[in-house]
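Asks: could you work out the structure for the sequence below:
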Amino acid sequence: MMGKNPMRCLVLLCAALMWAPHVALAASSPVAPVVLPAADQPLARRIVPLMHDLAQAPGWRAALRRDADMQALAAERAARVTAAGECTPQPACLAQAWLWSETDRDRVSAALGRIGADRARLTALVGGRMRPSRLYARHAELGDAALLDAAWREAAAGLNHIIAVYALDEKPRFPVIDSMIFDIRDAAYPALLKSHAAVTLAEGRGDDTVFDPALRYAMGLLAANERANAIEYLPLPSGLNAPAFAALRATKQTAYPYSAVLVFGHGPEDPVSHTGVLGHLRLRLAAAQLAKGAAPVIILSGGRVHPNRTAYNEAVEMRQELISLYGVLPAQIVIEPHARHTTTNMRNCARLLLAAPFAQGKPALLVTDPATHAYIGGEGFAARNRAELGYEPGRVTAGPDVLSLRFVPDAHSFHVDPQDPMDP
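Replies: Residues are numbered from 1 along each chain as shown. The predicted model follows:
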């Protein structure tokens with residue numbers, strides 16, 4: 001063949017290499033995949049940011065690995081897990097071995113205090129990373145050592161919550177949409193937990209700290225339950241939001257009375273519908289307000305929620321409807337694709353309004369249906385926020401009409417909640 005038409009063969013070979021560059025690379029310079037340490041993986045960083053901060057702050061990872069009691073605790077916890085293979089009653093005892101006991105938590109608190117006694121090291125962690133991130137906003141008034149301890153207590157409670165819900169089948173606050181997907185009564189379930197533990201232990205690294213095995217175990221449970229919703233559509237300024245973020249930076253926002261028009265999703269309960277009926281009504285109101293010049297953009301808030309384990313994302317589906325039915329431009333729409341409840345609709349919109357390139361000091365305009373208007377504007381919703389979030393994500397006041405409310409965000413909303421792993 002080569003002898004008959006060598007030029008044609010050369011052209012075909014070049015074309016093949018152009019369309020399959022991985023073949024050429026594999027032959028010349030194989031590249032091993034990079035597996036990030038447990039604390040640096042996206043899901044862990046999103047849900048338990050303290051683990052990443054401890055891993056990255058100067059001196060902390062090495063100090064945790066040197067600390068004699070943390071070495072002992074890591075060994076004790078590993079022995080606890082290994083012994084659980086023959087424990088009873090299964091399956092519960094298999095997962096319980098991974099929990100952070102009260103004694104475990106106290107020992108870690110003491111170690112963090114010892115290591116943080118070096119003032120420069122504590123400042124590098126808390127002043128250099130934790131406070132600027134605003135991810136610990138509820139504890140901002142605490143001193144550095146107390147803030148670190150509070151963050152650790154929250155992180156441990158969050159990891160225990162993930163294990164309790166997604167291995168032990170304890171019911172979360174909203175069991176219809178947030179529960180584990182496995183049947184704990186299935187005869188094969190103990191074997192699944194044993195396999196998960198075996199894989200988790202096999203992933204151990206030479207630079208692990210006392211935190212890493214349990215962190216892998218908890219994040220692995222979320223993956224096995226197909227509950228990695230928290231990292232979908234990130235980073236928010238890119239992807240579907242890129243046109244709107246670029247437009248906001250170039251827009252004279254002082255010309256608008258509101259920073260944004262807010263729409264909270266209404267998920268359907270059937271597997272076919274893309275948006276609940278109230279969502280359609282709210283979108284009509286939002287499009288009308290945009291046409292009036294109320295704000296430069298609409299923020300659509302809602303994740304993959306209803307029905308349970310749906311493939312449809314409320315914010316994404318509402319975005320498509322605004323574009324296709326009302327002619328709203330992509331540059332006029334920001335999606336917030338994670339919220340699962342009205343409380344977190346409000347909190348997540350507050351985060352966007354305070355962090356994204358929106359005009360600061362202006363209220364946003366929330367448009368909604370009559371029943372939801374009465375609910376969000378009432379004391380019951382404020383009390384629910386305080387009970388579930390620990391704060392109110394902003395100030396809600398009457399809007400210009402009976403289907404709208406004004407909203408001024410509060411910076412406490414940046415606080416990450418490890419006990420809400422699908423939308424922390």
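Asks: what sits against residue 422?
Replies: Contact analysis of residue 422 by Cβ atoms under 8 Å, 6 or more residues apart in numbering lists 178, 227, 229, 230, 303, 338, 340. Backbone N, C-alpha and C define where each C-beta goes, glycine included.
Asks: restricted to buried residues, select the residues you listed in PyMOL.
Replies: For the buried members of the contacts of residue 422, the matching PyMOL selection, counting by 16 or more other Cβ atoms under 10 Å, is:
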select buried, resi 178+227+229+230+303+338+340
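Asks: and of the contacts of residue 422, the nearest to residue 200?
Replies: Set against residue 200, the nearest of those by Cβ to Cβ is residue 227 (16.8 Å).
Asks: what's near enough to touch that closest one?
Replies: With contact taken as Cβ under 8 Å, 6+ apart, residue 227 is in contact with 166, 178, 421, 422.
Asks: how close does the most centrally placed residue in the chain get to residue 318?
Replies: The centre of the chain sits closest to residue 230, judged by Cα atoms, centre = their mean, with a distance of 3.2 Å. Taking Cβ to Cβ, to the nearest Å as the measure, residue 230 falls 20 Å from residue 318.
Asks: also residue 223?
Replies: Taking Cβ to Cβ, one finds residue 223 at 28 Å from residue 318.
Asks: then residue 135?
Replies: Computed as Cβ to Cβ, the residue 135 to residue 318 distance reads 27 Å.
Asks: the closest residue in space to residue 353 that isn't next to it in sequence - how many residues pack around it?
Replies: Spatial nearest neighbour of residue 353, chain neighbours left out: residue 409 (4.6 Å); criterion: Cβ to Cβ, 6 or more residues apart in numbering. Residue 409: 24 surrounding residues under other Cβ atoms under 10 Å.
Asks: what are the phi and psi values at residue 409?
Replies: Main-chain torsions, residue 409, degrees, to the nearest 10: phi -70, psi 150.
Asks: repeat for the one 4 residues further on
Replies: Note on residue 413: its backbone torsions stand at phi -60, psi -20 [degrees, to the nearest 10].
Asks: look up the closest residue to it, ignoring the ones flanking it.
Replies: Leaving aside its sequence neighbours, residue 413 sits nearest to residue 350 (Cβ to Cβ, 6+ apart; 3.7 Å).
Asks: that neighbour against residue 410, yeah?
Replies: Yes: with contacts counted by Cβ atoms under 8 Å, residue 350 reaches residue 410, the gap being 6.3 Å.
Asks: in this structure, which helix is the longest?
Replies: The residue-count maximum for a helix in the chain (DSSP state H) belongs to helix 144-166.
Asks: where in the stretch 101-250 of the chain is pLDDT low?
Replies: The model of the stretch 101-250 of the chain has no residue with pLDDT under 70.
Asks: my read: the residue nearest to the centre of the chain touches residue 49, true?
Replies: No: counting by Cβ under 8 Å, residue 230 does not reach residue 49; the two are 11.6 Å apart.
Asks: between the two, which contacts overlap?
Replies: Counting by Cβ under 8 Å, 6+ apart, residue 230 and residue 49 have no contacts in common.
Asks: compute the number of surrounding residues for residue 131.
Replies: Neighbours of residue 131 (other Cβ under 10 Å): 17.
Asks: contacts only, for it.
Replies: 140, 147.
Asks: ditto for the one 10 residues further on
Replies: Contacts for residue 141 (Cβ under 8 Å, 6+ apart) come out as none.
Asks: tell me the phi and psi of residue 333?
Replies: Per degrees, to the nearest 10, the backbone of residue 333 is at phi -130, psi 130.
Asks: scratch that, residue 203 is what I was asking about
Replies: phi -80, psi 0.
Asks: any idea what sits nearest it, other than its immediate chain neighbours?
Replies: residue 216 (5.7 Å).
Asks: just say helix, strand or coil for the one you found.
Replies: Assigned by DSSP: H, G, I helix; E, B strand; the rest coil, the conformation of residue 216 is helix.
Asks: settle this for me: it is touching residue 205, isn't it.
Replies: No: counting by Cβ under 8 Å, residue 216 stays clear of residue 205, with 9.7 Å between them.
Asks: more neighbours: which of the two?
Replies: Ranked by neighbour count (other Cβ under 10 Å), residue 216 and residue 205 place residue 216 first, with 24 against 12.
Asks: the residue nearest to residue 203: what's it in contact with?
Replies: Residue 216 sits next to 38, 200, 203 when contact means Cβ under 8 Å, 6+ apart.
Asks: tell me where the stretch 151-300 of the chain has helices.
Replies: Under the criterion DSSP state H, counting those that start in this stretch, the stretch 151-300 of the chain contains helices at 175-178, 189-202, 212-224, 242-250, 277-291.
Asks: buried ones in the second one, by neighbour count?
Replies: Residues 189, 190, 193, 196, 197, 200 are the ones in helix 189-202 that count as buried (16+ other Cβ under 10 Å).
Asks: could you do the fourth one as well?
Replies: If you call a residue buried by 16+ other Cβ under 10 Å, then helix 242-250 has these buried ones: 243, 244, 245, 247, 248.
Asks: without its sequence neighbours, what residue ends up closest to residue 367?
Replies: residue 285 (4.0 Å).
Asks: shouldn't that neighbour be in contact with residue 405?
Replies: No: Residue 285 lies out of contact with residue 405 (Cβ under 8 Å); the separation is 11.7 Å.
Asks: now the strands: where do they sit in the stretch 201-350 of the chain?
Replies: According to DSSP state E, counting those that start in this stretch, the stretch 201-350 of the chain carries its strands in the segments 261-264, 298-301, 333-336.
Asks: can you tell which of those is closest to residue 374?
Replies: Of all these, it is strand 261-264 that lies closest to residue 374, at 14.2 Å by Cβ to Cβ.
Asks: export that closest one as CSV, just CAs?
Replies: The C-alpha trace of strand 261-264 is given here as CSV (Å, rounded to 0.1, in the frame of the first residue of the first chain):
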residue,chain,number,x,y,z
VAL,A,261,-35.5,40.2,40.3
LEU,A,262,-35.6,37.0,42.3
VAL,A,263,-37.7,33.9,41.3
PHE,A,264,-37.8,30.8,43.5
